[in-house]
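> Predicted model follows, preceded by the sequence.
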Amino acid sequence: RENLPIYAIQDGYVSRLKVSSVGYGWVLYLAHPNGYTSVYAHCNKFAPAIQDFYLDTTEAVQQNELDLLLPENKIRVKKGELIAYSGNTGGSSGPHLHFELWHKGTPVNPEDYILF
């Protein structure tokens, strides 16, 4: 379903924010202190603080599609904090959350790691 709340799996910060009409669509990358990165793709929109940052940036650069790498101090999140809403953006074939977990640049199976 669309517009279901998505929460951060662990403390961290938004390290990358990408909005595109193809691929992952609206996607957030959260970097975590333990070297992991969680990826949340095909979102309909972001949580208010992240959405406001996106809108302010698109207005400043005068384009809707963005691919931004963000510094650690820009948008911090806490475990369990609302970060986005599920959707059907980009190259999605139906509403869902596409979730990935990476460790130091290598994809890992989230079921093999206890992060909660």
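Looks like it came in fine.

> contacts and neighbour counts: CA atoms only from here.
Will do.

> so where's this structure shaky on pLDDT?
114-116 (pLDDT under 70).

> hey, what's the most centrally placed residue in it bridged with?
For the chain, L28 is the residue whose C-alpha lies nearest the centre (Cα atoms, centre = their mean; 1.5 Å). Using DSSP bridges, the bridge partners assigned to L28 are L17, Y40.

> contacting residues for it?
Residues in contact with L28, defined by Cα atoms under 8 Å, 6 or more residues apart in numbering, are V14, S15, R16, L17, K18, V39, Y40, A41.

> Sketch out the strands for the protein, chain order is fine.
Here the chain has its strands, by DSSP state E, at 5-7, 12-19, 26-31, 36-43, 45-46, 66-69, 76-77, 82-85, 98-103, 106-108.

> Columns distance to L55 on top of the ones you listed, output as JSON lines?
Shown next, in JSON lines, are these (distance: least, Cα to Cα, whole Å):
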{"stretch": "strand 5-7", "distance to L55": "19"}
{"stretch": "strand 12-19", "distance to L55": "11"}
{"stretch": "strand 26-31", "distance to L55": "13"}
{"stretch": "strand 36-43", "distance to L55": "15"}
{"stretch": "strand 45-46", "distance to L55": "10"}
{"stretch": "strand 66-69", "distance to L55": "10"}
{"stretch": "strand 76-77", "distance to L55": "18"}
{"stretch": "strand 82-85", "distance to L55": "14"}
{"stretch": "strand 98-103", "distance to L55": "23"}
{"stretch": "strand 106-108", "distance to L55": "30"}
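
> Which among these is found nearest to G91?
Of all these, it is strand 36-43 that lies closest to G91, at 8.0 Å by Cα to Cα.

> Could you measure from V77 over to Y24?
21 Å (Cα to Cα, to the nearest Å).

> Isn't I50 up against Y85?
No - counting by Cα atoms under 8 Å, I50 stays clear of Y85, with 11.6 Å between them.

> between these two, which one's more packed in?
Comparing I50 with Y85 by other Cα atoms under 10 Å, the one with more neighbours is Y85, at 23 against 19.

> any idea how far the more buried one is from P107?
From Y85 to P107 the distance is 23 Å (Cα to Cα).
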